[in-house]
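# Fold the following and give me the result.
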Amino acid sequence: AAFVGHAALTAANAKLYAGMQDAFAHQVDLNRQKDELAAAVSHELRTPLASMIASVATLRRLKGRLSEASAEQVLDVAERQGQRLRRLIDDLLMIASIEESPALVASEPVDVAELAAEVAGDLSRLAPNHLSASVNDDVGTVSTSAARLRQILFNLLENGIKYADGSDLEVVGSRQLDQVKVSVIDHGPGIAAEDAGRIFERFVQLDQSATRTRGGTGLGLFLCRRISEALGGTVVFTPTPGGGATFTLSFAAPRLVSLPIPGPDRDVSFLAGVAQKGSQP
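Numbering: from 1, shown residues only. Model prediction:
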């Protein structure tokens, strides 16, 4: 009996020690991630800010001597960098918002094909002649959050443009019953199998050397996964056949249908009952 008691105590202590080691290792990893985030965010903030200040200084210094076309180019640079700065701030605020209230997502009618084409058009200047969007007609108009869906597609496409080394990028959408699947496919170098399990973690950047040349905070894929969960879905990674990476967003999105409008001689009590029960198409 004494031996059994000592053995049980030893096993419990060993388990507790292992748990403390895991917790310590996790804390060390979190501290490392925070240090990397601070370095990446400071770099991401300084770069567009410096570019904007330089653009304004150029316009002021050469006021009256720049041609209209040259002035427009300088303003375009300042605007692009301002948009880049705003996206970074939006991402940081989005993380705080999702952590506090992950379920607060407003749904609205969304034409998935139109939205995908819009996002691809917004980013086409970063990958001219390399970006295409194709969404099947059967997807139609669905009930989801346009802002959140746009942010996921924007992050996935921007990530592909940044790391796919100029390869072609495709946005492909389809429907399977009440599930909508939208894939962003690139044909770049892809992601190593040993790294596939951690690419959706917060602050993770697989190539730290590329961070300084291409930018990034390691928040894009993490945000995509968390926002997709708020939409009732998920984002998964699979290797693209022949090389590259495919990220597929799957989410529940019932198709919106139009209820018949009753004529003057039709009873509207049924539609009134639907409205009172709070039913949605």
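# where does the stretch 1-150 of the chain have low pLDDT?
For the stretch 1-150 of the chain, residues meeting the criterion pLDDT under 70 lie at 33, 36-41, 43, 95-96, 98-105.
# That one: strands as residue ranges?
Taking DSSP state E, counting those that start in this stretch as the test, the strands found in the stretch 1-150 of the chain are 108-111, 131-135, 141-144.
# Which one of these lies nearest to Asp29?
strand 141-144 (34.1 Å; CB to CB). For every residue, glycine as well, the C-beta is placed using N, CA and C.
# Just name whatever secondary elements that closest one is in contact with.
For strand 141-144, the packing partners by 3 or more CB pairs under 8 Å, 6 or more residues apart in numbering; DSSP states H and E come out as strand 108-111.
# strands paired with the strand it packs on, and their directions?
Here strand 108-111 has these sheet partners by DSSP bridges: strand 141-144 (antiparallel).
# how about the strand it pairs with: buried residues?
Within strand 141-144, the residues scored as buried using 16 or more other CB atoms under 10 Å are 141-142, 144.
# burial of Thr240, as a residue count?
By other CB atoms under 10 Å, 19 other residues sit near Thr240.
# And Asn136, by the same measure?
The number of residues packed near Asn136 is 14, by other CB under 10 Å.
# How about it, nearest residue that isn't a chain neighbour?
Using CB to CB, 6 or more residues apart in numbering and skipping residues adjacent in sequence, the residue nearest Asn136 is Ser174, 4.7 Å away.
# I would like the residues contacting stretch 232-252, please.
Contacting residues not belonging to stretch 232-252 are listed as 144, 149, 152-153, 156, 159-160, 164, 167, 178-191, 196, 199-200, 221, 224-225, 228, 231 [CB atoms under 8 Å, 6 or more residues apart in numbering].
# Straight-line length of it, end to end?
6 Å (CA to CA, to the nearest Å).
# For the remainder of this discussion, apply numbering that starts at 6.
Okay, using 6 as the starting number, the last item reads as stretch 237-257.
# For the residue nearest to Asn141, give me the pLDDT.
For Ser179, the pLDDT comes out at 93.
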